[in-house]
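Asks: structure of the sequence below:
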Amino acid sequence: MLKNLLLLIRPHQWIKNLFIFMPVFFGGALTDSAAVTDSIVAFFAYSFAASAIYCLNDIVDVEDDRRHTVKCRRPIASGAVSVAAAVMLMALMLTLSAATAVTLASRWQTLLGVIGVYLVLDIAYCLMLKRFAVVDVAVLATGFVLRIMAGSAATGILASHWLVLMTFLLTLLMGLAKRRDDVARFAATGIPPRHNTKRYNMAFISQAITVTAAVTLVCYIMYTLSPEVIAHTGCQYLYLTTVFVILGILRYMQLTSVDGKSGDPTHLLYHDRFLQTDIVLWLLTFLCIIYVK
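Replies: Coordinates of the predicted model:
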């Protein structure tokens, strides 16, 4: 039973909430113990809230999940966890989220405000917005932007407009790639995994992924050449890190289009050594640029 409850709250998906640490990392405050501690608090507060949304999502989607070749194994869809137990678990996660957030010495109200916006947005997504093509992936991308806002709210470190824009574009790209998996399943089985799957097709998804990837790369290059960013980091060679971004996006598109592994971006991050190495090298490069003087 415990295993199924853990599967329901999906702690392996908490890796997405590492975006909360981006304001601290790129703000040059990684050596500030107070800022790091506040980010950790925000991480767990946001993670508990996200787990509550996962519970709600599985409750709402139980019938659709039972028709899905993979999601049918989820705890509620498989019958391993009852809807009543899922509702109680969701309430527990919300309570833990609020209790964790208020432990911040200051700015806990702002953090709770950001988490509240996330909850409202994702409840609307679970109940209605996921039915609309394009809107659904935009909402998912906005959720990642809110993660950055949570990090800013907890630490008081303002996230740059570049960071917000690139996060939205990159996660929009991943959302579109995930919808490609739905289209492929629909073509193979004749059963749409989602209500809006019929509003997508391979031609549209491929074009949308290509356009989004191109805009993301252009935005990143503009970021590395931005005078204020160069002044902040004290390095005029930031543009060299574009290599890691290009390789990472190309690898993700290869896994999506060639290998057909676009169903779960988190799964790819946990298992693909190329992506892991690329991200680590990118982070280490920025670590040296920002913190090694």
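Asks: ok, Ser82 - how many residues close by?
Replies: Burial of Ser82 is recorded as 11 neighbouring residues (other CB atoms under 10 Å). For glycine as for every other residue, the C-beta is placed from the backbone atoms N, C-alpha and C.
Asks: once you drop chain neighbours, what's closest to it?
Replies: Leaving aside its chain neighbours, Ser82 sits nearest to Ile76 (7.7 Å; criterion: CB to CB, 6 or more residues apart in numbering).
Asks: tell me the confidence at the one you found?
Replies: With respect to pLDDT, Ile76 has a value of 87.
Asks: and what of the one 3 residues further on?
Replies: pLDDT, the model's per-residue confidence, is 81 for Gly79.
Asks: buried set for the host helix or strand of the residue nearest to Ser82?
Replies: In this assignment (DSSP states H and E), Ile76 forms part of helix 75-78. By neighbour count with 16 or more other CB atoms under 10 Å, helix 75-78 contains the buried residues Pro75, Ile76, Ala77.
Asks: and the residue nearest to Ser82, how far from Arg66?
Replies: Taking CB to CB, to the nearest Å as the criterion, Ile76 is separated from Arg66 by 9 Å.
Asks: next one: Tyr54
Replies: When distances are taken as CB to CB, Tyr54 and Arg66 turn out to be 17 Å apart.
Asks: again with Ile205
Replies: Between Ile205 and Arg66 the computed distance is 25 Å (CB to CB).
Asks: equivalent analysis for Val87, please.
Replies: In this structure, Val87 lies at 19 Å from Arg66, with CB to CB as the measure.
Asks: before we move on, what about Met253?
Replies: Between Met253 and Arg66 the distance is 31 Å, computed by CB to CB.
Asks: low-confidence bits of the protein, can you list those?
Replies: By pLDDT under 70, the weakly predicted segments of the chain are 262-263, 293.
Asks: can you rerun that using 90?
Replies: Low-confidence segments of the chain, defined by pLDDT under 90: 1-4, 27-28, 60-81, 104-108, 131, 159-160, 177-199, 228-237, 255-271, 289-293.
Asks: all helices in it, in order from the N-terminus.
Replies: Per DSSP state H, the chain carries helices over the ranges 2-9, 22-26, 33-60, 62-67, 75-78, 83-101, 108-127, 135-155, 161-189, 202-225, 227-233, 242-257, 265-271, 273-291.
Asks: of all those helices, which one is nearest Ile15?
Replies: Evaluated over the helices of the chain, closeness to Ile15 peaks at helix 265-271, with 6.1 Å, by CB to CB.
Asks: returning to that earlier point: what's the separation between the residue nearest to Ser82 and Leu89?
Replies: The gap separating Ile76 from Leu89 is 10 Å, by CB to CB.
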